[in-house]
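A.B. asks: Task: produce atomic coordinates for the following.
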Amino acid sequence: MTVFPVRVVRQSPYAIAMLIAAAGAALLVVQWAGGRMFWVDEEMIAINLRDRSISGLAGQLSLGQAAPYLWLVLQRILLVLFGTGERVLRFLPMAFGVATLAVAVWIGRRSMTPVGAAALLFLCSIGQWLSFHALELKHYSADACFALLLPALTVWATDSTGSDRGVNRRTLTWWIAAALAQWVANGALFVTPACAVVLVLVAVRRAGWRGGVKAALPASIWLASFAVNYAIALGPARASPFLRSFWTGAFPPADAGIAGTSRWLADQVTALAVKPGGSGFGLVFWGVAAVGVASAPRYPAAFRLAFGLVPLSAFAWTAMRLVPMYERLSLWIVPALYVGIAMATEVMVALVRQARGRSSWIQPAAGAAAAALLLAMFVDIYVRGMTYVRLGRHVANHELDDRAAVRWLARRREPGDAWLTTHLGLPAIWWYAAPIDPVETFEVSWQSGDRDCGADDIATLKRDDRRRLLVYLGFDTDAGFRDALVARLGSLGMVVAYRPFADRGHALIVDLRQSSTVPPTLSSLSATPPDRTGPPLDGCLAVAPAQHW
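C.D. replies: Presented below is the predicted three-dimensional model:
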């Protein structure tokens, strides 16, 4: 009796690709179901979703956040209908991760060989940052999905089969899809110009300049949609002083000139291969993708251009200082690069097949070398992709567990207590502390240098009407700062409760009505060897009421 998978493979040459896609989707769903806690980036966007109405999500968001407006609206609807749990708010990113696999299946079955389709699905399923961001409360998985879908739709729209009316109808459909997609995914916005160029060039080649004009006329639909989108979301985000300052390093220097800008962009190539590409092969990673797009057999020019121009678009947008080039913000280029690598896999298979029975050793050696290189690259991508696979129900996020730590403190809260944390610890408290009644919250920071904090010194927290401090040390705190803070708190009161959370989180309760006989340290509280970093040598600890930024 034939085993079921073997029988399926024999019946459909694309069955392996389908099985890989199903496994990749299942892996995403299982990890999503684990309900891992949020970390600071997710907490900040979640606070906006919780505290703003649908109309309030237009314009500038607080806490330095920005996202496509319709994506925010869909998330807000899910929150209102089903609550604020991690699974609810990560459902949409996970769904776009699964949709990316579905688009890859469509591309593979429609345009690629079974080998290329299987390679593409493998990369999209296990690619380190594609899978990682499909499980985060961010819009990056939607960016990747639509940045893969729109080039594929470009190829579909330029398909020469059918009547001219059918081609025109497909072109109109493409423009409508691009006009709508920009509201959900910035990646759709970024790939549209390159895809539109391909669409018009193909039309000009087939029907002359009149055909090109017909293909370009529906752009008015996209431009109208873009104008509204810019007024509601893109413009306010671009005008945000916080975001402009935050992403300054993700652009070439303003005075770099053409040569300096070119050098800056070239310097980003290796880093982009690692993140978001998920490969340690650097220039080879890009080279393999380029070879695939340029030399894989059977592909129409529209296919090569539609996917080949996507990564080049990223460099063009950044050179014009319109789109930052940085890690997760560039995730939208990754699916197109994976398409190129899948095409290179087809080239490798063709080389191996042609080498059979050849008397010369050159071609077999070239095929073997290509196979070894691709195999090494696939293994590297797989190993990196498995790094962040989390199947447990309670695992740390960025070595922190904000949810458990803040809720542990919140359960012990008493009248007269106040919260104390760092700047980037505030979102954890604002999100995970139950907002039963208003509670004072303070932000503590280290002011370096030979100075006195004066009226902002942490000692001002000790007042007759304030009984205790609920202290959380989480994201972005180093050992020196933590030890200095704990020692100073010990001089103001007594640490009556302490608990570590994950690798980097610390929660403690300081009773301001009691006195410590011995100044505490994190080492003494956690019964671990002291950290050699030690506290800073000069400066002061300043506090200020917590405020949204």
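A.B. asks: I'd like the secondary structure assignment at Arg513, please.
C.D. replies: coil (DSSP: H, G, I helix; E, B strand; the rest coil).
A.B. asks: Make sure it is actually in contact with Gly493.
C.D. replies: Yes - with contact defined as C-beta atoms under 8 Å, Arg513 reaches Gly493; the gap is 6.9 Å. Yep, even glycine has a C-beta here, placed from its N, CA and C like the rest.
A.B. asks: These two - which one has more neighbours?
C.D. replies: Remark: of Arg513 and Gly493, Gly493 carries more neighbours, 20 against 13, as counted by other C-beta atoms under 10 Å.
A.B. asks: Apart from its neighbours in sequence, what residue is nearest that one?
C.D. replies: Leu512 (4.1 Å; C-beta to C-beta, 6 or more residues apart in numbering).
A.B. asks: hang on, the earlier thing: what's the overlap in contacts for Arg513 and Gly493?
C.D. replies: Counting by C-beta atoms under 8 Å, 6 or more residues apart in numbering, the residues touching both Arg513 and Gly493 are Arg468.
A.B. asks: that older thread, which ones are touching the residue nearest to Gly493?
C.D. replies: Contacts of Leu512 by C-beta under 8 Å, 6+ apart are Leu461, Lys462, Arg463, Arg466, Arg467, Arg468, Leu469, Leu492, Gly493.
A.B. asks: So which of those residues sit within helices?
C.D. replies: Leu492 (DSSP state H).
A.B. asks: show me what contacts the spatially closest residue to His133 that is not a sequence neighbour?
C.D. replies: In space, His133 comes closest to Tyr140 once its chain neighbours are excluded; the distance is 4.1 Å by C-beta to C-beta, 6+ apart. Applying C-beta under 8 Å, 6+ apart to Tyr140 gives the contacts Pro93, His133, Arg328, Leu329, Leu331, Trp332.
A.B. asks: Give me the distance between Tyr140 and Phe146.
C.D. replies: The gap separating Tyr140 from Phe146 is 11 Å, by C-beta to C-beta, to the nearest Å.
A.B. asks: what residues do these two have in common as contacts?
C.D. replies: Trp332.
A.B. asks: for the longest helix anywhere in the chain, which positions count as buried?
C.D. replies: Looking across the chain with DSSP H, the single longest helix is helix 186-216. For helix 186-216, the neighbour count (16 or more other C-beta atoms under 10 Å) marks 186-192, 194-204, 207, 211-212, 214-216 as buried.
A.B. asks: any weak-confidence spans in the stretch 101-250 of the chain?
C.D. replies: 160-167 (pLDDT under 70).
A.B. asks: Same check on the chain?
C.D. replies: Ranges of the chain meeting pLDDT under 70: 1-11, 160-167, 355-363, 392-394, 435-438, 450, 529-537.
A.B. asks: can you map out the strands along it?
C.D. replies: 417-421, 441-448, 468-473, 494-501, 505-511, 539-545 (DSSP state E).
A.B. asks: Make TSV from the ones you listed and add mean neighbour count and distance to Ala99 to it.
C.D. replies: Below are those laid out as TSV (neighbours: other C-beta atoms under 10 Å; distance: least, C-beta to C-beta, whole Å):
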stretch	mean neighbour count	distance to Ala99
strand 417-421	23	37
strand 441-448	17	39
strand 468-473	25	37
strand 494-501	17	34
strand 505-511	23	34
strand 539-545	16	43
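A.B. asks: Turn these into TSV, columns for distance to Ser245.
C.D. replies: Output for the strands of the chain, formatted as TSV (distance: least, C-beta to C-beta, whole Å):
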stretch	distance to Ser245
strand 417-421	23
strand 441-448	18
strand 468-473	26
strand 494-501	31
strand 505-511	28
strand 539-545	20
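A.B. asks: Show me the one of the ones you listed that comes nearest Thr521.
C.D. replies: When the strands of the chain are compared by C-beta to C-beta, strand 494-501 sits nearest Thr521, at 10.1 Å.
A.B. asks: partners of that closest one, with directions?
C.D. replies: strand 505-511 (antiparallel) (DSSP bridges).
A.B. asks: Run the angle between the partner strand and strand 468-473 for me.
C.D. replies: Between strand 505-511 and strand 468-473, the angle comes out at 170 degrees (axes from the mean of the first three to the mean of the last three C-alpha atoms, to 10 degrees).
A.B. asks: what's near enough to touch the nearest residue to Arg384 once chain neighbours are set aside?
C.D. replies: Distances taken as C-beta to C-beta, 6+ apart place Gln128 nearest to Arg384, at 4.4 Å, with adjacent residues excluded. Counting by C-beta under 8 Å, 6+ apart, Gln128 touches Lys275, Gly278, Ile381, Arg384, Gly385, Thr387, Tyr388.
A.B. asks: Run a quick neighbour tally on the closest residue to Arg513 other than its chain neighbours.
C.D. replies: Excluding the flanking residues, the one nearest Arg513 by C-beta to C-beta, 6+ apart is Arg467, at 6.2 Å. For Arg467, the count of nearby residues is 16 (other C-beta under 10 Å).
A.B. asks: Many thanks, have a good one.
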